[in-house]
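Asker: I need the structure of the sequence given here:
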Amino acid sequence: MSDYKKRIEPNKLSNQKDFLRTAIGRKLSEIERFFTLNPEKLWKYYNKPHQECDYFSFNLGATQFWFEPDLNQTFRFYSAGAPIIRFPEVYPDFDDPKYKLSQMKHLASEKLKNCLGQVCEDVRIWTYSESEADRRNLEREKERGYFTPEEFEEEIQALEKQIARRGEWITDSGISYLLSHGEEIIYCSNLYDGQLGDRLLFVQDLHQEYVHSCFSLGQDKYIIPPKKFKFSGK
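Answerer: The predicted structure is shown next:
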C-alpha cells in the first residue's frame, strides 16, 4: 500500500493537472509507443481481423507525446484500479521496442499521422465507472441465464448497498489532446469497449456508455459532467 501511495497515487491523471496543462499551446512533434506484440500476434490477441493501419492505435503499450520544443508527456497502463497513469520520465526503450508515429508508414493511419505538427488547444481527463461496469456485467449474465431473476435482484441490491456505503468506483482512464485541425486523440483504457487494454484512438471512436466524465484542463471545468449512478427503483 505504501508503494502504491508513493508511486501511483501522485501520478494519477487527476493529480497531474498542472503538468498536463503545459502541453496547451505547443505543437505536437512526435508520438512514440512501446510494443511487445508484432502485428500477427496482436490480431491473434484480439481474435478478429483489423486493417494493418490499426496496428499503432490498437496495440498495447506505453505511449509518450512530444511537444515542441522539448516537452515530454508519457503515460502507461497500470491496473484496473488506476488504468492510465503518468510515467514521470522519458520511457526507457530497453525492454520493449520503440515505434515512432512519423516512421510507421502503413502500420498507422494517415488520419493519425496528420496529427503531428498540430498545436494542442486543450488537454482533457476522461473517467470510467467500474461500478457501472459491474452492473452491466450483472445484466449481461442475467441475459445469458447465469442468474435467476431473484439471484439477479440480490446481486444488484448488494452492489447498490456497496455504492451507497463507499461511493462509486471511478478511475482515470483516458488523456486526450484537442488539436488545432479539429481532431482529438486519446490514450485510454476501458472507454472503447469496456475492456482493460490501452489504446491510442480518436475521441469519436469512444462508446459513450463507457464514459463517466470528461474534464477540460483548458476550460477548467467538466465538459461531460460526472454521471450519477442510477439506483434501481429511483
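
Asker: mind listing the strands for the protein?
Answerer: In order along the chain, the chain carries the following strands (DSSP state E): 28-34, 63-67, 71-79, 82-87, 98-100, 120-129, 170-179, 184-188, 199-202, 213-216, 221-224.

Asker: mind listing what's buried in stretch 134-154?
Answerer: Judged by neighbour count using 16 or more other C-beta atoms under 10 Å, the buried positions of stretch 134-154 are 134, 135, 138, 142, 147, 152. For the C-beta atoms, the positions are set from N, CA and C on the backbone; glycine is no exception.

Asker: would you format those residues as CSV with pLDDT and distance to residue 106 included?
Answerer: Formatted as CSV, the entries for those read as follows, by pLDDT from 0 to 100; distance: C-beta to C-beta, whole Å:
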residue, pLDDT, distance to residue 106
134, 78, 40
135, 78, 41
138, 80, 42
142, 81, 44
147, 79, 46
152, 83, 47
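
Asker: out of those residues, the closest to residue 174 would be?
Answerer: Top of the list for closeness to residue 174, among these and by C-beta to C-beta, is residue 134 at 19.4 Å.

Asker: for the closest residue to residue 90 other than its chain neighbours, give me its contacts.
Answerer: Nearest in space to residue 90, with sequence neighbours left out and distances taken as C-beta to C-beta, 6 or more residues apart in numbering, is residue 72 at 5.6 Å. Each residue near residue 72 by C-beta atoms under 8 Å, 6 or more residues apart in numbering is listed here: 64, 65, 66, 90.

Asker: longest helix in this structure, please.
Answerer: Taking residue count as the measure and DSSP state H as the definition, the longest helix of the chain comes out as helix 149-166.

Asker: which elements pack onto it?
Answerer: Using 3 or more C-beta pairs under 8 Å, 6 or more residues apart in numbering; DSSP states H and E as the contact definition, the elements that helix 149-166 packs against are helix 130-143.

Asker: residues in contact with the helix it packs on?
Answerer: Outside of helix 130-143, the residues within contact range by C-beta under 8 Å, 6+ apart are 80, 147, 149, 152, 155-156, 159, 163, 168-171, 190, 194, 210, 212, 227, 229.

Asker: list only buried entries from these.
Answerer: 147, 152, 155-156, 159, 163, 168-171, 190, 210, 212, 229.

Asker: now those residues in TSV, please, with extra columns for distance to residue 221.
Answerer: As requested, the buried ones among the contacts of helix 130-143 are exported to TSV (distance: C-beta to C-beta, whole Å):
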residue	distance to residue 221
147	40
152	38
155	36
156	33
159	30
163	25
168	20
169	23
170	17
171	20
190	23
210	22
212	16
229	22
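
Asker: which one of these is nearest to residue 107?
Answerer: Relative to residue 107, and with distances defined as C-beta to C-beta, the nearest of those is residue 190, at 24.3 Å.

Asker: pull the contacting residues for the closest one.
Answerer: 83, 128, 133, 171, 173, 196, 210.

Asker: can you turn the buried part of the residues you listed into a ChimeraX selection?
Answerer: A single ChimeraX command selects the buried members of those (16+ other C-beta under 10 Å):
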select :83,128,133,171,173,210
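
Asker: residue 185: which of the contacts of residue 190 is nearest?
Answerer: Proximity of these to residue 185 was ranked by C-beta to C-beta; the top entry is residue 173 with 15.1 Å.

Asker: pLDDT wise, what is that closest one at?
Answerer: As predicted, residue 173 sits at a pLDDT of 91.

Asker: state the distance from the residue lying closest to it once chain neighbours are set aside to residue 214.
Answerer: Nearest residue to residue 173 in three dimensions, chain neighbours excluded: residue 128, at 3.9 Å (C-beta to C-beta, 6+ apart). Counting by C-beta to C-beta, to the nearest Å, the separation of residue 128 from residue 214 is 11 Å.
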